[in-house]
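Engineer: how would this look folded up:
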Amino acid sequence: MDIYLLQLLGNWLSVLCVTLTSFFGINVYSEDKANVDNMNYTKTATVLNEVVDYKTVYVYNKSKPLDSAPTVLQEGQYGLIYRYADGESSVLRKTVNEIVEIGTARQSKYTGRLTTYTPYCFGCSKVGNVACYTREHKKHSLIKDGQYYVDKEFGKVRIVAAALSYFPCGTIVNIDTGKTAPFDAVVLDTGGSMRGAMKQGKVWMDLAFSKSNKAEAKLVNTKTAKFTVKRWGW
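Structural biologist: Down below sits the predicted model:
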């Protein structure tokens, strides 16, 4: 048989293999071109196509919440090898592994109870000092400094009390009561009720007021507040 006819037949078989591979869903190669030269005219140019599957590699991020969706950092890509009948091979396209990022930090979304308090509550210090130091390592007084704190990252935010063993000082949480517009708050205080609830696996936060405000307090008090952590601690 004429050697050029054999070359043509070999190339046709290569195209057929890629077509069948695409048909069965292994991959689709729309623009790849195979230029396989047979420099030895004393042997045939029979070629077989081999599709090489890629691997999925997982990387773990300690600062990403556990309940967040996995993120594909790098798309996987099948490799393609031309393998000759005599065992020799030629790589048309290298395999690229898929890289997926998984969060391992605590979950970020909670549903729990939100109540309110003032520095004049039973058991409070009466001078208004909260339990945590600010990022500037200063004491914050609800009476002197007010019920807001200016955070370098999130701006002017409300102050809440929480179980510090779980929500450390400086934690930023978005609070949605379902009755008012969602707002950001920073954990700067704590209380026995919050600590006790957390031991039972329940989230309870207490929104600070510099003075009594029954109208606003009535709006935010709820047992089904939605808490979304936006930053863990300072």
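
Engineer: Now do Thr116 against Tyr54, distance only.
Structural biologist: Distance, Thr116 to Tyr54, by Cβ to Cβ, to the nearest Å: 54 Å. All C-beta spots, glycine's among them, are computed from the backbone N, C-alpha and C.

Engineer: Low-confidence ranges, this protein, go.
Structural biologist: Along the chain, segments meeting pLDDT under 70 span 1-47, 123-126.

Engineer: Break it into its domains for me.
Structural biologist: What automatic domain parsing lists as the domains of the chain is 3-105, 109-231.

Engineer: Mean neighbour count added to the ones you listed, as CSV?
Structural biologist: Output for these, formatted as CSV (neighbours: other Cβ atoms under 10 Å):
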stretch, mean neighbour count
domain 3-105, 13
domain 109-231, 17
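
Engineer: Report the contact partners of Ala131.
Structural biologist: By Cβ atoms under 8 Å, 6 or more residues apart in numbering, the contact list for Ala131 reads Ala161, Leu164, Cys169, Leu188, Asp189, Thr190.

Engineer: Using PDB, write out every CA atom in the helix or strand harbouring it.
Structural biologist: Assigned by DSSP states H and E, Ala131 falls within strand 129-133. Output in PDB follows, covering the C-alpha atoms of strand 129-133 (Å, rounded to 0.1, in the frame of the first residue of the first chain):
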ATOM      1  CA  ASN A 129     -16.900  50.400  80.800                       C
ATOM      2  CA  VAL A 130     -17.200  47.400  78.500                       C
ATOM      3  CA  ALA A 131     -15.300  44.100  79.100                       C
ATOM      4  CA  CYS A 132     -13.000  44.400  76.000                       C
ATOM      5  CA  TYR A 133     -10.200  46.700  75.200                       C
END
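
Engineer: Give me the sheet partners of that strand and which way each runs.
Structural biologist: strand 139-141 (antiparallel) (DSSP bridges).

Engineer: Please list the outside residues in contact with the partner strand.
Structural biologist: Against strand 139-141 from outside (Cβ under 8 Å, 6+ apart): Pro119, Val127, Gly128, Asn129, Val130, Cys132, Tyr133, Thr134, Tyr149, Ile159, Leu188.

Engineer: I'd like the distance between the first one and Glu98.
Structural biologist: Relative to Glu98, Pro119 is positioned 54 Å away (Cβ to Cβ).

Engineer: Could I get the full set of helices for this protein?
Structural biologist: With helices called from DSSP state H, the chain shows them at 3-23, 192-199, 214-220.

Engineer: what are the phi and psi angles of Asp86?
Structural biologist: Per-residue torsions, Asp86: phi -90, psi 0 (degrees, to the nearest 10).

Engineer: what separates Leu164 from Tyr58, distance-wise?
Structural biologist: 32 Å.
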